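> Any chance you can model this:
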Amino acid sequence: MPVLLTETSRTDTLGSIMEQLHATCVAIDKMGVLIRGPSGSGKSDLALRLIDAGARLVADDRCDIQIDNGRVMASAPTTIAGLLEVRGLGIMRIEALSRIPVSLLIDLVAEKDIERLPEPTTVDIAGVAISAIRLDPFSASAAAKVRMALAQVGDITA
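Model prediction:
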């Protein structure tokens, strides 16, 4: 019997638990970055800045999550694959990756809610611990901070 993780959890035909998160996902150097926040919080905007600097889109606004050999894998629901909402321009079709292992989760918050010197933290996604940071998406240095955090995660997992 499958374990239900959230109201949007389901089990695929192979028995792997799937979950859908309200998040955007990009790939940087073969590592997935989940960007989580409420509607209008800047997920797509931060993703666009990362993509402009060389990242690849995986999914915008909704991510299907599946556990594969103990790794969290992110992909786009088929109905929105390759689509990115660009505020002021509309829904844009861009080249996207179909699936990526997730290495980092970013929770979008206001600058005032970010600790200056935070301790390393993780979040549980479908039973797997993923490194996590809190970030103001509209900070001029937000994209650089994502890359720095991802480099630290890569050093830890290598």
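
> what residues are up against the residue most central in space within the chain?
The residue lying closest to the centre of the chain (CA atoms, centre = their mean) is L34, at 1.0 Å. Neighbour list for L34: 21, 23-25, 63, 74, 102, 104-106, 125, 130 [criterion: CB atoms under 8 Å, 6 or more residues apart in numbering]. Every C-beta, even on glycine, is put in place using the N, C-alpha and C of the backbone.

> contact partners of the helix or strand harbouring R134?
R134 belongs to strand 128-135 when assigned by DSSP states H and E. Here strand 128-135 makes contact (CB under 8 Å, 6+ apart) with 34, 46, 67, 70-72, 102-109, 113-115, 118, 120-124, 142, 145-146, 149, 152-153, 156.

> which element follows it toward the C-terminus?
helix 142-157.

> Name the residues of that next one that come out as buried.
142-143, 146, 149-150, 153-154 (16 or more other CB atoms under 10 Å).

> Dump the residues you listed to a markdown table, plus pLDDT.
Shown next, in a markdown table, are these (pLDDT from 0 to 100):
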| residue | pLDDT |
| --- | --- |
| A142 | 96 |
| A143 | 96 |
| V146 | 97 |
| A149 | 95 |
| L150 | 95 |
| V153 | 88 |
| G154 | 73 |
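
> Which of those residues sits closest to M92?
Lowest distance from M92 to the buried residues of helix 142-157 (CB to CB) belongs to A143, with 18.3 Å.

> so that closest one makes contact with L48?
No - using CB atoms under 8 Å, A143 is not in contact with L48; the gap is 9.6 Å.

> Looking at the contacts of L34, spot the one nearest I94.
Nearest member of the contacts of L34 to I94, counting by CB to CB, is T24, at 12.5 Å.

> ok, that closest one touching A74?
No - using CB under 8 Å, T24 makes no contact with A74, being 9.7 Å away.

> ok, the closest residue to A59 other than its chain neighbours - how many residues close by?
Among residues not flanking A59 along the chain, A76 sits closest, at 3.5 Å (CB to CB, 6 or more residues apart in numbering). Neighbours of A76 under the rule other CB atoms under 10 Å: 23.
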